[in-house]
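**Student:** show me the folded form of this:
(2 chains)
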Number of protein chains: 2
Amino acid sequence: MTFSAISRRHFLKTGALAATSLPLLSPAFADPPARKVGFALCGLGSLSTDQIAPALQQTEYCRLAGIITGTPAKAARWKAQYNLADNCIYNYDNMDRLADNPDIDVVYVVTPNALHAEHAVKAAKAGKHVLSEKPMEVSAAKCQQMIEACRAAHRQLAVGYRLHFEPNTLECQRLAREKALGEIKMFEGGFGFSIGDPKQWRLNRALSGGGPLMDVGIYVLQAARFVLGEEPSLVSAVATNTDPDKFHDLEESLTWQMKFPSGVLASCSTTYRIGGMNQFKIFATRGAFGLDSAFGYDGIRGYRGDGQEIAFPHINQFAAEMDDFALCILENRPTKVPGDEGLRDVKIMMAIYEAARTGKTINLS
Amino acid sequence: MTFSAISRRHFLKTGALAATSLPLLSPAFADPPARKVGFALCGLGSLSTDQIAPALQQTEYCRLAGIITGTPAKAARWKAQYNLADNCIYNYDNMDRLADNPDIDVVYVVTPNALHAEHAVKAAKAGKHVLSEKPMEVSAAKCQQMIEACRAAHRQLAVGYRLHFEPNTLECQRLAREKALGEIKMFEGGFGFSIGDPKQWRLNRALSGGGPLMDVGIYVLQAARFVLGEEPSLVSAVATNTDPDKFHDLEESLTWQMKFPSGVLASCSTTYRIGGMNQFKIFATRGAFGLDSAFGYDGIRGYRGDGQEIAFPHINQFAAEMDDFALCILENRPTKVPGDEGLRDVKIMMAIYEAARTGKTINLS
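**Tutor:** Model (predicted):
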């Protein structure tokens, strides 16, 4: 049975559901898909270990079909834990062999930021769809390489914006788009944490491409763009570093401002220095609404100034994200978190860094 | 009995209390001062009518001793309501006659921003101490005129920073200064409201000198400077205006960022367009703390991330501010909210406007 045949059958049964933007986690099909979409995890750090692999077990349309790692000890551990056959274990040098493995449909790239393009391009050349963690890459040019490679291979490219599948976040988007509390006028948001181990790749610019903006500030940028539904026309930024030994050649904290074509102003913060910053708030003419906390794997809580509730139950965001991508592949429809979306964020973050470096407001239009 | 004699007697009885920064509203004296300090209110708009005059009735060391108004109908109304004699009612053209009225010690300037210097200088020349509402004036040069006039007349000049006397605000300052939750790393704050009547002076740049930054954003600036205890070295700003007919030649909303010498970043917002923005939050290495709401006449509520409380009871801030200034005069000691403090805010606000206008970060050092 080919994918297009599966796709058609699914589409016929799920046409109505596919139109909703809520994640498809509940049993929605009369019968399950003929086979689950095979995911290979590329990069077995803590995100893969603690979040993505467990989430895969909760998906409806996905299964762990392979791993790609540069660390033989990790390969052995995962092989035992997930009962993996030898022929679905790869390293970064033999990813071309993925082409010979029909059980692997998607490579989920979870390596350090500056390696995403290399691994995504290899996956695409091996004929695999690509799901890349965020930030998509460390420069617009490298994002473009990923987009081109997937396009040339006729494979889909998605970016791991898990909150696009989180129902409280989607509710904020709905409230904004429908002007439920009036016109949006301002946005405030921040995301930060106190980073530990000074030797981790996140603190190595060659691998991370930047500091907290790239790692967690991107959630605030995403929230603003996602909820407001427009692109910033202008950014301004100020960075700080009180511990240059630890934050070598990276910002420790950064605040930035964005102006949107509608006139909305966004005031945003990110930091590697302190915790407790994890929220966004949208100020509309008839009241404010937002999430606090907003960006974690769980504990997301909403509020709205008109007394109504935003209280959708917890979901496994990674499972929702992977199930959605699997359905996009099965049904041959485009992902709502494509490479172009990741590229837009990277372009804006580069402008934010330029604004901080030059002390000048940067026009994005 | 002269002021210096009163002052000395008070000082002997209140030396210990005077050392605390908490407002002296409770009965703290074995016997009351020989006479209360006489305040003349200059400008009888809603702030004088609804806040300051009622607050005067709650003071311990002050009394309403006169009014200065350009509106005869207001003079008549106040005369009746407060049982004022004809010889303590002035207009803006005969303020020089204040010199002949020994019952008036202080002129509280509550006129539109761009008239503060004119009225403060007249009051000082008539030998009166001056308490000016914030913002002190619309330019640094005009603030300087006020400072010079009061210095030349050997009279005190204070700015109406009522929150310097508000105990929850003072507690936040203490927590910051004592590093109770660790070192401060970031600050976030915003204050705005939806402005009504398009004909009011606040929307007339010639009288206001600016939009919400001058009117309410100044509270966020003050909170940052007051709590952190240092001066910003750099500002960046973005302004917006979605309704140029209403906000003619003024910003509708503005976000700005400040960097402090210690490395703290502040992310700040102000607006005339929406309500519900009235808070500041301080991010320290062991937790966050702040006030929400932060800047109103009442309803100020604190919180701190370590589970302890910030919950000082409501006070009448205007009464505390006026009582403190009265005691400064009675005891011949300097106010903690002097003209220099008002000048600093105005200089920073001018830099914020320059940053928004030019799209360039402005160095303040």
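**Student:** in the lengthiest helix in chain A, what counts as buried?
**Tutor:** Counting by DSSP state H, the longest helix found in chain A is helix A:339-358. Neighbour-count burial for helix A:339-358, counted by 16 or more other CB atoms under 10 Å in any protein chain shown, picks out A:339, A:341-346, A:348-353, A:355-356. Heads up, the C-betas are built off the backbone N, CA and C, glycines and all.
**Student:** check which helices and strands that helix sits against.
**Tutor:** Here helix A:339-358 touches helix A:140-152, strand A:157-159, helix A:218-228, strand A:234-240, strand A:253-259, strand A:362-363, going by 3 or more CB pairs under 8 Å, 6 or more residues apart in numbering or on different chains; DSSP states H and E.
**Student:** what sits against the closest residue to chain B within the stretch 51-200 of chain A?
**Tutor:** Residue nearest to chain B within the stretch 51-200 of chain A (CB to the nearest CB): residue A:185, separated by 4.7 Å. With contact set as CB atoms under 8 Å, 6 or more residues apart in numbering or on different chains, residue A:185 has these partners: A:263, A:264, A:265, A:283, A:284, A:285, B:242, B:253, B:271, B:273, B:274.
**Student:** helix or strand right after the host helix or strand of it?
**Tutor:** Taking DSSP states H and E as the definition, residue A:185 sits inside strand A:184-192. Next in sequence after strand A:184-192, counting helices and strands by DSSP H and E, comes helix A:205-208.
**Student:** what pLDDT, on average, does that following helix get?
**Tutor:** Averaging pLDDT along helix A:205-208 gives 98.
**Student:** would you mind listing what in the stretch 201-350 of chain A touches chain B?
**Tutor:** Within the stretch 201-350 of chain A, the positions adjacent to chain B are A:234, A:236-242, A:252-259, A:262-269, A:271, A:273-274, A:276-277, A:283-285, A:287-288, A:305 by CB under 8 Å from any CB of the partner chain.
**Student:** for PyMOL, what selects the buried ones among those residues?
**Tutor:** A single PyMOL command selects the buried members of these (16+ other CB under 10 Å):
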select buried, chain A and resi 234+236+237+238+239+240+241+252+253+254+255+256+257+258+259+263+264+265+266+267+268+269+271+273+274+276+277+283+284+287+288+305
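**Student:** number of residues surrounding residue A:169?
**Tutor:** Using other CB atoms under 10 Å in any protein chain shown, residue A:169 has 26 neighbouring residues.
**Student:** quick check: it touching residue A:291?
**Tutor:** Yes. Applying CB atoms under 8 Å, one finds residue A:169 in contact with residue A:291, separated by 6.7 Å.
**Student:** residues that sit against both of those two, list them.
**Tutor:** Common neighbours of residue A:169 and residue A:291 (CB under 8 Å, 6+ apart) are A:223, A:300.
**Student:** can you check the pLDDT for the residue of the stretch 51-200 of chain A closest to chain B?
**Tutor:** At residue A:185, pLDDT is 97.
**Student:** all strands for chain A, in order.
**Tutor:** Applying DSSP state E to chain A gives strands spanning A:37-42, A:62-68, A:89-90, A:106-109, A:129-132, A:157-159, A:184-192, A:234-240, A:253-259, A:265-271, A:277-284, A:287-292, A:302-304, A:362-363.
**Student:** quick check: beta-bridge partners of the residue nearest to residue A:269 when sequence neighbours are not counted?
**Tutor:** Closest residue to residue A:269 apart from its sequence neighbours, by CB to CB, 6 or more residues apart in numbering or on different chains: residue A:190 at 3.7 Å. Beta-bridge pairing for residue A:190 (DSSP bridges): residue A:269, residue A:279.
**Student:** residue A:190 and residue B:189 touch, don't they?
**Tutor:** No. Counting by CB under 8 Å, residue A:190 sits too far from residue B:189 to count as a contact (11.9 Å).
**Student:** which neighbours do the two share?
**Tutor:** Joint contacts of residue A:190 and residue B:189 (CB under 8 Å, 6+ apart) are residue B:267.
**Student:** any stretches of the stretch 201-350 of chain A with poor pLDDT?
**Tutor:** In the predicted model of the stretch 201-350 of chain A, no residue satisfies pLDDT under 70.
**Student:** and with 90 instead?
**Tutor:** Across the stretch 201-350 of chain A, residues meeting the criterion (pLDDT under 90) sit at A:276.
**Student:** hmm, back to that, of the contacts of residue A:185, which is the nearest to residue A:248?
**Tutor:** Of all those, residue A:265 has the smallest distance to residue A:248: 32.6 Å, by CB to CB.
**Student:** show me what contacts that closest one?
**Tutor:** A:185-187, A:257-259, B:238-240, B:253-255, B:269.
**Student:** of those residues, which pair is most distant in space?
**Tutor:** A:187 and B:239 (15.2 Å).
**Student:** now the closest residue to chain B within the stretch 101-250 of chain A, nearest residue through space, not along the chain?
**Tutor:** Here the residue of the stretch 101-250 of chain A nearest chain B is residue A:242; by CB to the nearest CB that distance is 3.6 Å. Spatial nearest neighbour of residue A:242, excluding adjacent residues (CB to CB, 6+ apart): residue B:263 at 3.6 Å.
**Student:** now do the contacts for the one you found.
**Tutor:** A:240, A:241, A:242, A:252, B:185.
**Student:** count residues in the vicinity of the closest residue to residue A:164 other than its chain neighbours, would you?
**Tutor:** Leaving out its chain neighbours, the residue that sits closest to residue A:164 by CB to CB, 6+ apart is residue A:337, at 5.4 Å. Residues near residue A:337, counting by other CB under 10 Å, number 26.
**Student:** tell me the contacts of residue A:337?
**Tutor:** A:158, A:159, A:160, A:161, A:164, A:321.
**Student:** quick one on the thing from earlier: so who does the residue of the stretch 101-250 of chain A closest to chain B touch?
**Tutor:** So residue A:242 contacts A:252, A:273, B:185, B:262, B:263 (CB under 8 Å, 6+ apart).
**Student:** of these, closest to residue B:40?
**Tutor:** Closest approach to residue B:40 among those (CB to CB): residue B:262, at 41.7 Å.
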